[in-house]
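**Q** Sequence and predicted model, in that order:
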Amino acid sequence: MNARLKLHFLFNGWTTRSGKYFLTSVCVHHLNYKGKVVDYLITLLEQLGRHIGINYAEVVSSILTHFGVSKERLGCFITDNAANNGICLDYLSLKFSFKKETCWIWCIAYTLNLIAQLILFRKDKDAYKNKDVNILVR
């Protein structure tokens, strides 16, 4: 990678509707030598096992190792604030010697989504689903 400064990583997981497959993506964000922000999806792997912290940690750790990311080049991790991500970063912080508190950025879009759902739906967002009502938009 032609990164100028630190490398910042975003990882996330998805489960297929059938619950049969678990996928994990890892993206990297950095400044190149021209000072332009560049983003790459560096992997979209089928994960063995569920989306729990230690499984995430194994996937992310192997990706960082594969690309030769050193402690000096490691920037921040951007994730949602789910507990499994905290567990993953506990493990990674030990392996790569960084402080989780200063390297974990919660995704603002995820946080805003949670706030909007709380405001709009309160405790029971399913109560607002009504299949019998058809709304026509002109």
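**A** Received, thanks. Numbering: from 1, shown residues only.
**Q** And Asn55, how far from Lys34?
**A** 37 Å (CB to CB, to the nearest Å). C-beta: built from backbone N, CA, C; applies to glycine.
**Q** Of those two, give the one with the bigger neighbour count.
**A** Comparing Asn55 with Lys34 by other CB atoms under 10 Å, the one with more neighbours is Asn55, at 19 against 8.
**Q** Wasn't that one part of a helix?
**A** Yes. Assessed by DSSP: H, G, I helix; E, B strand; the rest coil, Asn55 belongs to a helix.
**Q** For it, give its distance to Leu112.
**A** Distance from Asn55 to Leu112, by CB to CB: 27 Å.
**Q** ok, now Lys100?
**A** From Lys100 to Leu112 the distance is 23 Å (CB to CB).
**Q** neighbour count winner among these two?
**A** Comparing Lys100 with Leu112 by other CB under 10 Å, the one with more neighbours is Lys100, at 15 against 10.
**Q** pretty sure the more buried one is in contact with Ser93, am I right?
**A** Yes. At 4.5 Å, Lys100 counts as touching Ser93 under the criterion of CB atoms under 8 Å.
**Q** packing partners for the helix or strand containing Asp39?
**A** For Asp39, the element it lies in under DSSP states H and E is strand 37-46. In terms of contacts (3 or more CB pairs under 8 Å, 6 or more residues apart in numbering; DSSP states H and E), strand 37-46 is packed against strand 22-31, helix 53-66.
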